[in-house]
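Colleague: need a structure here:
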Amino acid sequence: MLYLALVTLLVASALGDYQPQFYSFSPGVGSGSGSAYSLSGEGRITAVRLWEQYSNFIRGIQFRYDYSWSPVVGQKYGLPTEIELFEGEAIVQISGKYAHYVQTVVFTTNKGRTLSAGQPAGLSFNMYPSHSQAELRFISGRVHGGITSIGAHWAVVQTNSTGMH
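Modeller: Predicted coordinates:
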């Protein structure tokens, strides 16, 4: 119950200038063991970093919001796999496979580009927003030595009159 209340508060604060009627949530997948996390920030997601256990599961995830990197969820392990988004590009799908840990994760953008890491083993998942103009705003889940669950929060981003976000 406390976890649900925390996620609700994080949703409200992370949405800020976003239209709540276009918000949707893709429930978490994975074993869900360990500590709860929420990876969010101000502005749009402009880059993603993933760390994987060699040929195994996802160890860590980090987002850049506008020009600032978030803290790492999980652990840095070796060199990250990274994608930097172009102007107007947004994450519109998260897919992959899970067992105890999130084994593989694929972030797909509205330009058809992908960032993938991990080992494709386990049960498949596919997350996307319910509104066609929505994009990934933040993720939440659990972590214990690696990412044990991941859920996605989607919203339509509002821009101001100058076109900035």
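Colleague: now the strands: where do they sit in this protein?
Modeller: Applying DSSP state E to the chain gives strands spanning 24-30, 35-39, 45-52, 58-65, 68-69, 73-74, 81-84, 91-98, 102-109, 114-118, 123-127, 135-143, 147-155.
Colleague: By mean pLDDT, point me to the weakest helix or strand of this structure.
Modeller: Among the secondary structure pieces of the chain, namely its helices and strands, helix 2-15 has the lowest mean (mean pLDDT, DSSP states H and E), a mean of 44.
Colleague: list the contacts for the residue positioned nearest the centre of the chain?
Modeller: For the chain, Ile139 is the residue whose C-alpha lies nearest the centre (CA atoms, centre = their mean; 4.0 Å). Contacts for Ile139 were tallied using CB atoms under 8 Å, 6 or more residues apart in numbering; they are Ser38, Leu39, Ile61, Val73, Ile94, Ile150, Gly151, Ala152, His153. Every C-beta, even on glycine, is put in place using the N, C-alpha and C of the backbone.
Colleague: Return the residues in contact with the closest residue to it other than its chain neighbours.
Modeller: Closest residue to Ile139 apart from its sequence neighbours, by CB to CB, 6 or more residues apart in numbering: Leu39 at 5.0 Å. Neighbour list for Leu39: Ile61, Gln62, Phe63, Ser70, Pro71, Val73, Phe138, Ile139, Ser140 [criterion: CB under 8 Å, 6+ apart].
Colleague: Closest to Leu123 out of these?
Modeller: Ile139 (18.2 Å; CB to CB).
Colleague: what are the bridge partners for that closest one, then?
Modeller: The partner list for Ile139 in beta bridges (DSSP bridges) reads Leu39, Ala152.
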